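Novice: Give me the fold of what follows.
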Amino acid sequence: MKPDGSPLYTVPFIHDTSTGEAIADSILIAEYLEKKYPDTPKLFPNGTAGLQSAFNDGFLANLGTLLPVTYPEMMPYLNSATVAYVAPIVERIRSKNRTEDWIKLKDGMSKIDGWYARNGGKGPYLLGEIPSWADIVVAGWLVFVRHALGEDSKDWKDVGSWNGGRWMTLSDMFRKYELAA
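Specialist: Sure, this is the predicted structure:
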């Protein structure tokens with residue numbers, strides 16, 4: 001609900017027809033599904049939900065220039081009604097200095113790479129061999145960046161190559177979960 005009591009429509013959103021539960025917000029959906037369906041792979045192993053929620057916030061805090069450099073690039077993929085709605089937002093946040101913002105984005109991704117490196121080299125995921133919620137958050141943003149910039153673009157290839165190719169590798173590892181466009 002919005003503060004005024006009117007309905008809030010947002011994505012992502014699920015309605016579990018087996019329980020009647022309706023949930024919005026990615027992490028809340030993931031936590032619900034893990035509790036309701038315990039025989040599925042764990043996204044929050046060993047009580048790490050709180051830590052991974054903090055990771056989510058830290059990850060987003062390090063991507064301050066991501067939207068200013070990618071939102072303008074996604075405009076050609078949107079339908080006219082969506083363009084009319086988002087164009088003023090895109091113009092307001094558009095990068096004023098793309099070169100400088102790319103450097104800041106790369107620096108932010110390098111900081112995140114350092115978090116991954118602290119798993120002791122035990123695997124490609126934040127927790128080593130075990131994919132978790134944090135990896136899905138990162139992979140989701142990487143999918144957005146790949147589609148916004150274009151898979152064959154120099155910009156996407158640059159992002160993918162940063163930090164020893166970690167971002168391309170992680171993106172590729174999660175491709176099997178993407179929906180066909």
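Novice: centroid residue for this structure?
Specialist: Nearest residue to the geometric centre of the chain (C-alpha atoms, centre = their mean): residue 141, 2.9 Å.
Novice: hang on, that one packs against residue 70?
Specialist: No - the criterion here is C-beta atoms under 8 Å, and residue 141 misses it with residue 70 at 9.6 Å. In short, each C-beta sits where N, CA and C put it, glycine included.
Novice: Any buried residues in the host helix or strand of residue 84, and which?
Specialist: Secondary structure from DSSP states H and E places residue 84 in helix 80-93. For helix 80-93, a neighbour-count test (16 or more other C-beta atoms under 10 Å) marks residue 90 as buried.
Novice: again with stretch 105-116
Specialist: Those would be 105, 108-109, 112, 116, for stretch 105-116 by 16+ other C-beta under 10 Å.
Novice: go on, stretch 17-30?
Specialist: So, applying 16+ other C-beta under 10 Å, buried residues of stretch 17-30: 23, 26-27, 29-30.
Novice: quick one: residue 79 and residue 86, what's the gap?
Specialist: 11 Å (C-beta to C-beta, to the nearest Å).
Novice: Show me where the protein has its strands.
Specialist: 13-16, 21-24 (DSSP state E).
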